[in-house]
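Peer 1: Following is a predicted model, sequence given first.
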Amino acid sequence: MSLRLDVPRELALQRAAEIVTEAWTSFDRARPQQPPIDDHLRALFATGLPDSPTGVLEVLDDARRALDESIAQPRPRFFAFVGSSGLEVGVLGDLLAACFDANLAVWAAAATEIEDQAIRWLADFLGFPAGAGAFTSGGTVSNMTALAAARERAIPGSRRHGLGTAAATLYCSDEAHYSIQRAAEILGIGSGNVRSLPTDSDRRLVPEAVEEAIRADRAVGRTPVAVVATAGTTLTGACDPIDALADVCAAAGVWLHVDGAYGLPAATTPSAGHLFVGLERADSVTLDAHKWLYLPKACGVLLVRDRDDLVRAFSHEEAYIPHERTGHMVDITLEYSRPFRALKLWLSFRAYGAQAFRDAVEENLRQARLFHGLVVAHDRLEPLCGPPPLSIVPFRHLGTGGDLNAGNSRLVRALQDDGRVWVAPATIDGSVCLRPCFVNFRTTDDDVHALVDIAGELGG
């Protein structure tokens, strides 16, 4: 059997284009409900491995149906998690990148130049003096890559010989993303050696607590590897005081990493830029362009001040790598089979310009403030935190008596079953709540009002 299409390529592309056009059109407006998985798909999902072919048009039509009955983050009333918006130009970039299938682990001619330029553009966009950078699968790999470089600087030779007798430590807030714990486990530091330190009344890491923890660890022979400042926590959107933490790190000679996977694009906006003062002093920063730069997954980015830090952590000589050329990304990154993730960001900056992204992020910030005000004014809803620093606004329903945690857990399930809006639960200081996040360029003020109205209606 030939691995060729059973219909002309043009016809297959036309059918795929129809599916994309329908999806994009449907994303322009909220739909009344989330459709259930239908009987046709359930029967299909129950079948075993196919040994004989099915026509490509039939296969594409089944994909159309399955995708329509999946939870799609680009929809304007998807408020759960920190979702991608599936920016159209980014989708086209993924199509083109997959078609040519360049491997960015090694030099790939013009594709390599595009990745380098996209890194420079993003660094300029954020105001960070990057000496190098790389596109990754997301914040977990980006954070681990940065901390691997920090480990090698703090404990030279650790990539080859292990940590030996060195007791390495990391420092972050108690609301830092779990990827920091995971990185510590994978890098041999150990999650038990991550100092998850208390936060202030604004849920920001306290610099004095970091300073004291470093001093205490060094007094007993431990080796500080890095301080992680979170620029937009996943739970509440809090931003750690980067400039003050940079002072602590400079005095202690410790690497400062900024995890901005979610929040960092807000550094470019008039209303939130002040929360990121000191960003340019960090040793490394991470950002997920598939979050608040609206691109489809996966498009994580790591930026570092000094390229040599990545070289020391990852470079190697292998017979199957053509080392007659220098500058291969495999020598500064974790991955070997690296897809051309940079293309969609490069295309998007070219197609829209940087200001359009600043404006879109600013609009989401305004919508978060609008939502917070609506919740405050509502007689049966209350926010769990003060005015949002970024675009996450945790809130809960006050119910009609009884256990508020149980009631809000039921409300989340009711909202998801109802399907007009999509939210996820969270727990803040022991209180179960709903945690909407406004990171979609398609979301309108009507969608913001709808979330308040529907939550109030279904909450009783």
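Peer 2: Thanks, I have it.
Peer 1: At the geometric centre of this structure, which residue sits there?
Peer 2: Closest residue to the average C-alpha location of the chain: Asp288 at 4.1 Å, with Cα atoms, centre = their mean.
Peer 1: for that one, what are its contacts?
Peer 2: By Cβ atoms under 8 Å, 6 or more residues apart in numbering, the contact set of Asp288 is Val82, Gly138, Gly139, Ser142, Ala261, Tyr262, Cys299, Gly300, Val301. The way it works is simple: take the backbone N, C-alpha and C, and place the C-beta from them, glycine included.
Peer 1: could you measure it against Ile155, distance?
Peer 2: Distance, Asp288 to Ile155, using Cβ to Cβ, to the nearest Å: 28 Å.
Peer 1: before we move on, could you check phi and psi at Leu92?
Peer 2: Leu92 adopts backbone torsions of phi -60, psi -40, taken as degrees, to the nearest 10.
Peer 1: Can you classify the nearest residue in space to it that is not next to it in sequence as helix, strand or coil?
Peer 2: Nearest residue to Leu92 in three dimensions, chain neighbours excluded: Leu347, at 7.1 Å (Cβ to Cβ, 6 or more residues apart in numbering). Under the three-state scheme (DSSP: H, G, I helix; E, B strand; the rest coil), Leu347 adopts helix.
Peer 1: and the gap between Leu347 and Thr140?
Peer 2: Leu347 is 25 Å from Thr140, where distance means Cβ to Cβ.
Peer 1: And the contacts of Asp288, which is closest to Leu13?
Peer 2: Nearest to Leu13 among the contacts of Asp288, counting by Cβ to Cβ, is Cys299 at 24.0 Å.
Peer 1: What is the neighbour count of the closest one?
Peer 2: 28 (other Cβ atoms under 10 Å).
Peer 1: Surely it is in contact with His290?
Peer 2: Yes: the pair Cys299 / His290 is scored as a contact, 4.4 Å apart, by Cβ atoms under 8 Å.
Peer 1: what ranges do the strands span in the stretch 151-300 of the chain?
Peer 2: Taking DSSP state E, counting those that start in this stretch, the strands of the stretch 151-300 of the chain run over residues 167-173, 194-197, 222-230, 255-259, 284-288, 300-304.
Peer 1: Check what contacts the shortest one and list those residues.
Peer 2: What it means is strand 194-197. Contacts of strand 194-197 (Cβ under 8 Å, 6+ apart): 169-174, 176, 180-181, 184, 205-206, 209-210, 213, 217.
Peer 1: what's the most distant pair in the residues you listed?
Peer 2: Maximum distance among the contacts of strand 194-197 (Cβ to Cβ): 20.5 Å, for Ala184 and Val206.
Peer 1: Neighbour count: the two, which is higher?
Peer 2: Between Ala184 and Val206, Ala184 has the larger neighbour count (other Cβ under 10 Å), namely 24 against 17.
Peer 1: No further questions, thank you.
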